[in-house]
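Peer 1: Output the structure for:
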Amino acid sequence: MTISSVTSTTPATSAVKDKTSLSDLDSGDFIKLMTTQLQQQDPTNPTDNNEMLAQMAQFSSLANTTKSSETLQSIADKLDQVVSAQTATTDAVAKLVAAQTSST
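Peer 2: Model prediction:
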């Protein structure tokens with residue numbers, strides 16, 4: 001299948017976020033890509049349904065992996081906060097014990 005050109009029907013504006021890497025793409029971008037792919041396909045040789053389902057499954061898997069990564073990062077950040085709080089508490093207790101020991 002040969003595609004000569006793909007043009008956008010909406011003008012680019014400053015409000016549109018520039019997507020410069022794959023990590024900036026989301027499900028809306030996937031739907032736009034899939035819709036464009038379907039519009040541009042050769043009607044005498046349509047895309048195989050199995051191929052389309054495989055692409056959708058790959059995107060879903062990627063989205064789940066990204067979400068898991070974000071969740072794990074959030075958990076790691078919270079654990080860092082807990083460790084910092086424990087360290088601060090330990091330091092405060094040590095200072096309190098030292099102050100009480102030196103005053104007696």
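
Peer 1: so how many other residues sit close to Gly28?
Peer 2: For Gly28, the count of nearby residues is 8 (other CB atoms under 10 Å). All C-beta spots, glycine's among them, are computed from the backbone N, C-alpha and C.

Peer 1: the helices in the chain, which residues?
Peer 2: Secondary structure of the chain (DSSP state H): helices at 27-40, 49-103.

Peer 1: Quick check, central residue of the protein?
Peer 2: Thr66 (4.6 Å; CA atoms, centre = their mean).

Peer 1: Could you check how far that one is from Ala99?
Peer 2: Thr66 sits 50 Å away from Ala99, taking CB to CB, to the nearest Å as the criterion.

Peer 1: Tell me the helices and strands packed up against the one helix or strand in the chain whose mean pLDDT sits lowest.
Peer 2: Here the helix or strand of the chain ranked lowest by mean pLDDT, DSSP states H and E is helix 27-40, holding a mean of 81. Applying 3 or more CB pairs under 8 Å, 6 or more residues apart in numbering; DSSP states H and E, one finds that helix 27-40 makes contact with helix 49-103.

Peer 1: and the helix it packs on, average pLDDT?
Peer 2: If you average the pLDDT over helix 49-103, you get 90.

Peer 1: helices or strands up against it?
Peer 2: Counting by 3+ CB pairs under 8 Å, 6+ apart, helix 49-103 packs on helix 27-40.

Peer 1: report the angle between the axes of the helix it packs on and helix 49-103?
Peer 2: Helix 27-40 and helix 49-103 are oriented at 170 degrees to each other (axes from the mean of the first three to the mean of the last three CA atoms, to 10 degrees).

Peer 1: then helix 27-40 to CSV, C-alphas only?
Peer 2: Provided in CSV are the C-alpha atoms of helix 27-40 (Å, rounded to 0.1, in the frame of the first residue of the first chain):
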residue,chain,number,x,y,z
SER,A,27,-4.4,6.4,23.6
GLY,A,28,-5.9,9.4,21.7
ASP,A,29,-2.8,9.4,19.4
PHE,A,30,-3.2,5.7,18.9
ILE,A,31,-6.8,6.1,17.9
LYS,A,32,-5.9,8.9,15.5
LEU,A,33,-3.2,6.8,13.9
MET,A,34,-5.4,3.8,13.6
THR,A,35,-8.2,5.9,12.1
THR,A,36,-5.8,7.4,9.6
GLN,A,37,-4.4,4.0,8.8
LEU,A,38,-8.0,2.7,8.1
GLN,A,39,-8.8,5.7,5.9
GLN,A,40,-5.7,5.3,3.8
